[in-house]
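K.L.:
quick one: sequence and predicted model below, then my questions.
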Number of protein chains: 2
Amino acid sequence: MIRVVVVDDEQLVRAGLRLILEAAPDIAVVGEAADGAGALEQAHRLRPDVMLLDVRMPVVDGLTAAADVVAAGPKVIMLTTFDLDEYVHRALRAGAVGFLLKDTPPRELAEAVRTVAAGNAMLAPTVTRRLISSFAERGPARRDAARQRLAPLTARELEIVREVARGHGNAEIARRLTMSEATVKAHVSRALAKLQAGNRVQLAILVHDADLL
Amino acid sequence: MIRVVVVDDEQLVRAGLRLILEAAPDIAVVGEAADGAGALEQAHRLRPDVMLLDVRMPVVDGLTAAADVVAAGPKVIMLTTFDLDEYVHRALRAGAVGFLLKDTPPRELAEAVRTVAAGNAMLAPTVTRRLISSFAERGPARRDAARQRLAPLTARELEIVREVARGHGNAEIARRLTMSEATVKAHVSRALAKLQAGNRVQLAILVHDADLL
DNA sequence: GAAGACCCCTACCCGCCGTCCGGGCCGGAC
DNA sequence: GTCCGGCCCGGACGGCGGGTAGGGGTCTTC
């Protein structure tokens, strides 16, 4: 049985959600709250599996409460009428694993609760669409290219280049890896040649684009 | 009526998908193909609304064909047995708006076709989950912090620091901005002091985190 | 209109970075 | 065994990078 708490400032909405969810045999609504503060309190006291959080609420809104609720244990599904980008960003950064519009069909809402309880994620289709495009654009396009360029490096060379990318000087790198500064320079030089780079800055950029830290 | 083409190398799978989809009154399977080449041909000839593409196929696999199919018009939903990260990355970069596992329930499959046809996106829950976490991590958290650190720089200093972040040497920067190399050094030096950085590499990292190029 | 603040530019000195050269070590090929 | 190639290490030299000091320009502020 999946234990759910419903949070919304409008009692009518809470009642509606409760009706929808309790129609499912494997879902039980064990609590309700009317704002973010109440949500957090319920999260600690009832320890539900899933929490449905309205975005806009008086006093403490859902987005503000989300991070604390997530930290308290429950999976969080955000509910909203408008899928504004800013809402989505903040919600996902806060650790929410669901983001649904209030016009979601009842069956999908129950399905979302199950999906989230199982450790997966569920987003409204429009949200998914934009998440994908933001991923495809600034996604691993450059990252994979950078990794491929770094491929010819030796394990040791890569290790040193990563230190370079952290902004460390040769002397410091030498201390960290317990070797002579001259050796560090040699490795850096070899890396520069292999990657056809002129600067150690360019090495750092490559490593950063490749996401290695 | 949503017009769909099903692409899979196994005839049995194609037949199964056709059965599932044609059970829906608003979906019609208008074609089939057994590999990526066939998929592309059908995409051009039949101009379907949606194309279901298996990832692993002989000759031309689905991931390779996806980009061309997308360019030809149809929305693409990828189908696979395993949701490997690499598959997902390539598929989304190729422009696919759906990524489903083959164990998806029939009802959801039809729903995915409708969702995609309507211009939205549909991913398997496990895929959504990882997409979210990759988004939350590399969110604008660090970007804004970096921009704030760069704030005290003057316009000119920022301009020069950006050149530094591109991996250019002082002499080259001097040529580009038509000034003396000594001047470039002075600006860099000021920037280093303001940002409490020890290296020009650290400047480059800041600029990159701030997303300025 | 003079002082002050800020920005932009320049010149010189030193330390770090990068290059070139070479040696020791291990693996496989024959 | 011997040769060969790749990888890791080290030393000595030239050039680039960074620190310091100072001059000129414009805009505010009194």
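P.N.:
Nice, thanks for sending it over.
K.L.:
check residue A:129 and give its pLDDT.
P.N.:
Predicted confidence (pLDDT) for residue A:129: 88.
K.L.:
contact partners for it?
P.N.:
B:97, B:119-121 (Cβ atoms under 8 Å, 6 or more residues apart in numbering or on different chains). C-beta coordinates here come from the backbone N, C-alpha and C atoms, glycine included.
K.L.:
low-confidence ranges, chain A, go.
P.N.:
By pLDDT under 70, the low-scoring segments of chain A are A:137-141.
K.L.:
that one: helices as residue ranges?
P.N.:
A:11-22, A:36-46, A:62-72, A:85-94, A:106-117, A:125-137, A:140-150, A:155-165, A:170-177, A:181-195, A:200-210 (DSSP state H).
K.L.:
near DNA strand D, which residues of chain A?
P.N.:
Residues of chain A lying close to DNA strand D (Cβ under 7 Å from any atom of the strand) are A:154-157, A:179-180, A:182-183, A:185-187, A:199.
K.L.:
which of these has the most neighbours?
P.N.:
Greatest neighbour count in these, by other Cβ atoms under 10 Å in any protein chain shown, goes to residue A:187: 24 neighbours.
K.L.:
ok, residue A:22 - contacts?
P.N.:
Taking Cβ under 8 Å, 6+ apart as the test, what residue A:22 contacts is A:28-29.
K.L.:
for it, give its distance to residue A:16.
P.N.:
Distance, residue A:22 to residue A:16, by Cβ to Cβ, to the nearest Å: 11 Å.
K.L.:
and residue A:60, by the same measure?
P.N.:
According to Cβ to Cβ, residue A:60 and residue A:16 sit 22 Å apart.
K.L.:
isn't residue A:164 up against residue A:197?
P.N.:
No. Counting by Cβ atoms under 8 Å, residue A:164 sits too far from residue A:197 to count as a contact (10.6 Å).
K.L.:
joint contacts of those two?
P.N.:
By Cβ under 8 Å, 6+ apart, residue A:164 and residue A:197 have these common neighbours: residue A:203.
K.L.:
hmm, residue A:207 and residue A:149 touching each other?
P.N.:
No. Using Cβ under 8 Å, residue A:149 is not in contact with residue A:207, being 10.2 Å away.
K.L.:
more neighbours: these two, which one.
P.N.:
More crowded of residue A:149 and residue A:207, by other Cβ under 10 Å: residue A:207, with 22 against 16.
K.L.:
name the residues linked to residue A:2 by a beta bridge.
P.N.:
Note on residue A:2: beta-bridge partners by DSSP bridges are residue A:27.
K.L.:
wait, what's in contact with it?
P.N.:
A:26-28, A:49-50, A:113-114, A:117.
K.L.:
how about residue A:75: what's its closest non-neighbour residue?
P.N.:
Among residues not flanking residue A:75 along the chain, residue A:116 sits closest, at 4.6 Å (Cβ to Cβ, 6 or more residues apart in numbering or on different chains).
K.L.:
hang on, residue A:156 packs against residue A:186?
P.N.:
No. Using Cβ under 8 Å, residue A:156 makes no contact with residue A:186, being 10.5 Å away.
K.L.:
how near is the residue nearest to residue A:75 to DNA strand D?
P.N.:
For residue A:116, the distance to DNA strand D (Cβ to the nearest atom of the strand, to the nearest Å) stands at 45 Å.
K.L.:
before we move on, what about residue A:76?
P.N.:
Using Cβ to the nearest atom of the strand, residue A:76 is found at 45 Å from DNA strand D.
K.L.:
okay, and the beta partners of that residue?
P.N.:
Taking DSSP bridges as the rule, residue A:76 bridges to residue A:51.
K.L.:
appreciated, that's everything.
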